[in-house]
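Quick check, what structure comes out for this input:
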Amino acid sequence: MHTKDDFLVKPSRSDLLAEANRCVSCGLCLPHCPTYRLTLSEADSPRGRIAMISGAASRRIPMNARFTLHIDRCLTCRACEVVCPNHVAYGRLIDEARVMMTIPPSGLMKGAVAKKRNWFRSLLERVFVDKSKRFDVVRPLMYLFQRIGLQEKLQQLSIVKGTRLGLLLSKLPLIHFPLHRWQETYPAIGRECGEVALFLGCVARLVDIETNISTIYVLNNLGYTVHVPNSQTCCGALYQHSGRIAEAADLIQRNKKAFAGLNIKAIISTASGCGAHLTEFYSQYQTENFSAPIVDINKFLVEQDWSEVKITALPKKVVVHDPCSMRNVLRASSYPYRLLAHIPGIELMELAGNNFCCGAAGTYFLDQPEIAESLLSDKMAALDRAEANYLVTSNIGCLLHFTSGLRDQEKKLEALHPVTLLARQIGIQ
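The predicted model follows:
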């Protein structure tokens, strides 16, 4: 038997084998896997990856460069889990395989190679992700960096083009609200319905502050006081999906402390990827749960009383993108549609191909840019056919991915979070 702490650092091979052996190789997952549809390689399918994980866990095959290639190509979209008749926990298998890939070669079979950390990604994690408040300091600097044209000039340098830095810069939208500072508490407006807390996330504090500001505005107008703990940090999903579950667990514990002691109904998450990770970590690793339930903003707002809130009509066509974390993990993809239906005159439609990943997948666009761009191009084509005025999506990574695609193709369509569109119709300035 292993302890919880041991498991967070090194998964049990017997547990991995037991879960992998639940796959009966029926192949129902194949047409739902984005990477299999692109490469038509069995090794890039859920069934193939499970077979490789089983082989590595039983020491029948080495975790070499080829093994790493196919595991890393997985988007962790988890569309396969939704259609799996045997309910194989594929997402957990992939995460734990990535943990094994970080183990030094001495702990692996002959021919195995431990995966090396990318220095650029490690630098970003140490400087910003672990200390998310630093994004608040960087925001005005990035705002100035963009406005005087330095970002564009940097992207044109030959030493930057094609690098992870170049890819990252290409995804950055224009920075807004450069001088905004978070308060600890935002009081309800008018009637009082209770208190909630807001999970800000990490990257959103730099590039999507409008969504969190809009969330506070809407909640205040519904009668909720909103707490924003100053000591909160990244949710840890980026660490978990790169095989560093111990670091992810540390961030979870720091966030639990940040939100402890508040008399709140819920901890609101605006990014479905963060919400899915915060929700699942407890059930996966049997750690102590948060002091209040983690609830996606769309779901929370749908369940409120809107009778006293005035919403201006919007006679426009709005196409809705379903993030994989919302559809396949939280199983809550209906809520954005139900929420936006409160806006009079709105025409809602589902983005064609919503059951397939857009290619953002956390930092996937940095690690697998060719596949990420191929998947994004499918979404851009679907948007052309939709002829909509707005695109809404409930995950920060997807929003950045779509925004960069729209900018590259010089499309006038605006991409934003559902709650941002709703806040505008309520009257946010």
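
close enough to count as contact, residue 263 and residue 195?
Yes: between residue 263 and residue 195 there is a contact under Cβ atoms under 8 Å: 6.1 Å. All C-beta spots, glycine's among them, are computed from the backbone N, C-alpha and C.

Let me see the contact set for residue 267.
Under the criterion of Cβ atoms under 8 Å, 6 or more residues apart in numbering, the neighbours of residue 267 are 196-199, 259, 278, 290, 292-295.

which one of those has the most neighbours?
Neighbour counts for the contacts of residue 267 (other Cβ atoms under 10 Å) peak at residue 199, which has 27 neighbours.

Isn't it up against residue 269?
Yes: taking contacts as Cβ under 8 Å, residue 199 lies within contact range of residue 269: 4.8 Å.

Overlap in contacts, those two.
Common neighbours of residue 199 and residue 269 (Cβ under 8 Å, 6+ apart) are 275, 278, 294.

For residue 263 and residue 195, indicate the residue with more neighbours.
residue 195 (19 against 11).

Regarding the more buried one, what is its secondary structure?
State at residue 195, reduced to three classes by DSSP: H, G, I helix; E, B strand; the rest coil: strand.

Show the backbone phi and psi for the residue nearest to residue 142 when sequence neighbours are not counted.
Nearest non-adjacent residue to residue 142, counting by Cβ to Cβ, 6 or more residues apart in numbering: residue 175, 5.0 Å away. Dihedral pair for residue 175: phi -80, psi 130, per degrees, to the nearest 10.

if I read this right, residue 175 contacts residue 206, doesn't it?
Yes: the pair residue 175 and residue 206 qualifies as a contact (Cβ under 8 Å) at a distance of 7.2 Å.

Pull up the overlap in contacts between the two.
139, 142.

Break this protein into its domains for me.
As given by automatic domain parsing, the domain ranges for the chain are 4-107, 317-426.

Most tightly packed of the ones you listed?
domain 317-426 (a mean of 20; mean count of other Cβ atoms under 10 Å).

what about that domain, average pLDDT?
Taken as a whole, domain 317-426 has a mean pLDDT of 94.

centroid residue for this structure?
Residue closest to the average C-alpha location in the chain (Cα atoms, centre = their mean): residue 273, at 3.0 Å.

Next SSE downstream of whichever strand or helix holds residue 143?
Element membership of residue 143, judged by DSSP states H and E, is helix 134-147. Of the helices and strands lying after helix 134-147 in sequence (DSSP H and E), the nearest is helix 150-156.

In the very next helix or strand once past that following helix, which residues are buried?
Going down the chain from helix 150-156, the next helix or strand is helix 164-171, by DSSP H and E. Counting neighbours by 16 or more other Cβ atoms under 10 Å, one finds that the buried residues in helix 164-171 are 164-169, 171.
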